[in-house]
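> What would the 3D arrangement of this be:
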Amino acid sequence: MTDPMETGEARALRDAVRALLTRRSGPAAVRAAMASPLGYDDKLWSTLCEQIGVAGLAIPEHYGGVGAGLAEACVVLGELGRSLTPAPMLGSAVLCGEALLRTGNDEACERLLPGIAAGTTLAALAWSDVDGQWTPALSAAGAGLTGRAHYVLDGDLADVLLAVARTDDGAGLFEVDLAAVRRQRVTSLDPGRRLAVVECASTPARRLDTGGFTGPLRQLRATAAIAVAAEQVGAAARALELTVEYTKQRRQFGRPIGSFQALKHRMADVHVHVEAARSALYAALVDGDPEAVATAKVVCGEAFAHAAAEMIQLHGGIAITWEHDAHLYFKRAHGTALLFGDPASWLSR
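Purely as a prediction, here's the structure:
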């Protein structure tokens, strides 16, 4: 079966996104975006949405999207991960877009998805308690939603806030009144990933799902895991590329350090990890069964962590300085490993 991320259309999409990010999202631009009030370059995001349509890839055409699929969204996420470009692709376009599509609510989809697909509406999903698991942090009662949700991607900036909450009949998906909710950005390990805490106290909210959200929540969890795995594969591959380039340039004892057999073996090990991660991502996209998804979440996270750790080691002392990008890959690796649930929780499934 053909890899859905290696079709002709997927390669053309990858080339277009990579070319744009190469021109406009180099290391200096990434750092400037991280330090900006939004945490990402809104002009670059607008260009990605307007010229390439990245935010609408997994959204059907009748809701203003491109009508492609998750594989195409993963192509973009891989390129964003490769360059560490901060963008609301994962939280808004993929996570919230998927959540709305799973509600079966045509009115809500027609009202909210066109703006998300165009990249003009920034949506966020509140889903987790402080443990980072998929047990809803919020509970729904007659007066509204109550509780404190953590790790909300772009939650302090969002124009639309969705929330998974416990109800009498299981989980439900709600659209939260932004005027009555407390949102606060929190410091995260990864400076390129903007996270917030959302606190509700009998906050007015409108239920969106039409037949319960317990089943769709499991599907949404799988989509989130596959999406972050795609980002990890792209970043791990780039970390290896940068490490190989450096070992060809750095000389010791009159020869490039990459020519030493011990270093060759270490970089070969990273290559094996990255290729295993690609295979795990492929299996998750094609099969979609819970075991394949859990495997991708764990294997891709481990591959990225290994690539980032070796990047630090093989670059030597320069890698631990703020001026070098190696530590940014290292922080992204550990941040994404815990996002949407730690590896142990996925292994237990």
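> can you confirm Glu175 is in a strand?
Yes. Assessed with DSSP: H, G, I helix; E, B strand; the rest coil, Glu175 lies in a strand.
> quick one, strands of the chain?
Shown for the chain, the strands assigned by DSSP state E span residues 123-126, 138-141, 144-153, 160-167, 170-176, 182-186, 195-203, 205-207, 251-252, 255-256.
> now what about the fourth one, what contacts it?
In other words, strand 160-167. 96, 99-100, 112, 115-116, 121-127, 136, 138-140, 145, 147, 149, 155, 171-176, 178, 181, 183, 198, 200, 205, 207-208, 213, 217 (CB atoms under 8 Å, 6 or more residues apart in numbering). Heads up, the C-betas are built off the backbone N, CA and C, glycines and all.
> all helices for the stretch 151-300 of the chain, in order.
214-249, 261-286, 290-315 (DSSP state H, counting those that start in this stretch).
> Report all helices and strands that the first one contacts.
Contact analysis of helix 214-249 by 3 or more CB pairs under 8 Å, 6 or more residues apart in numbering; DSSP states H and E lists helix 70-83, helix 97-101, strand 170-176, strand 255-256, helix 261-286, helix 290-315, helix 326-338 as its packing neighbours.
> Also the last one?
If you count contacts as 3+ CB pairs under 8 Å, 6+ apart, helix 290-315 packs onto helix 214-249, helix 261-286, helix 326-338, helix 343-348.
> Compare the ones you listed and report which one is nearest to Asp190.
helix 326-338 (3.6 Å; CB to CB).
> circling back: which one of the helices and strands packed on helix 290-315 lies nearest to Ala12?
When these are ranked by proximity to Ala12 (CB to CB), helix 214-249 comes first, at 16.7 Å.
> quick one: buried residues of that closest one?
Neighbour-count burial for helix 214-249 flags 216-217, 219-240, 242-244, 246-247 (criterion: 16 or more other CB atoms under 10 Å).
> what's in contact with stretch 283-303?
By CB under 8 Å, 6+ apart, stretch 283-303 touches 1, 3-5, 70-71, 74, 222, 225-226, 228-230, 232-233, 236, 273-274, 276-277, 280-281, 333, 336-337, 340-341, 343, 346-347, 349.
> could you redo the last one with a cut-off of 6 Å?
1, 4, 71, 222, 225-226, 229, 232-233, 236, 273-274, 276-277, 280-281, 337, 343, 346, 349 (CB atoms under 6 Å, 6 or more residues apart in numbering).
> One more: stretch 218-230?
By CB under 6 Å, 6+ apart, stretch 218-230 touches 74, 77-78, 90, 94-95, 98-99, 134, 281, 284, 293, 296-297, 300, 336, 339-340.
> and what of stretch 341-349?
Gly132, Gln133, Ala294, Lys297, Val298, Gly301.
> for stretch 98-113, same thing?
With CB under 6 Å, 6+ apart, stretch 98-113 has contacts from Ile59, Tyr63, Leu125, Val160, Leu162, Leu173, Leu208, Asp209, Thr210, Pro216, Leu220, Thr223.
> Identify the residues contacting the second one.
Residues counted as contacts of Tyr63 (CB under 6 Å, 6+ apart) are Cys109, Leu113.
> how much space is there between it and Asp106?
Counting by CB to CB, to the nearest Å, the separation of Tyr63 from Asp106 is 9 Å.
> if we can go back for a sec, which one, of the helices and strands packed on helix 290-315, ends up nearest to Thr187?
So among the helices and strands packed on helix 290-315, helix 326-338 is nearest, using CB to CB, at 11.9 Å.
> Name the residues of that closest one that are buried.
So for helix 326-338, counting by 16+ other CB under 10 Å, buried means Ala326, His327, Leu328, Tyr329, Phe330, Lys331, Arg332, Ala333, His334, Gly335, Thr336, Ala337.
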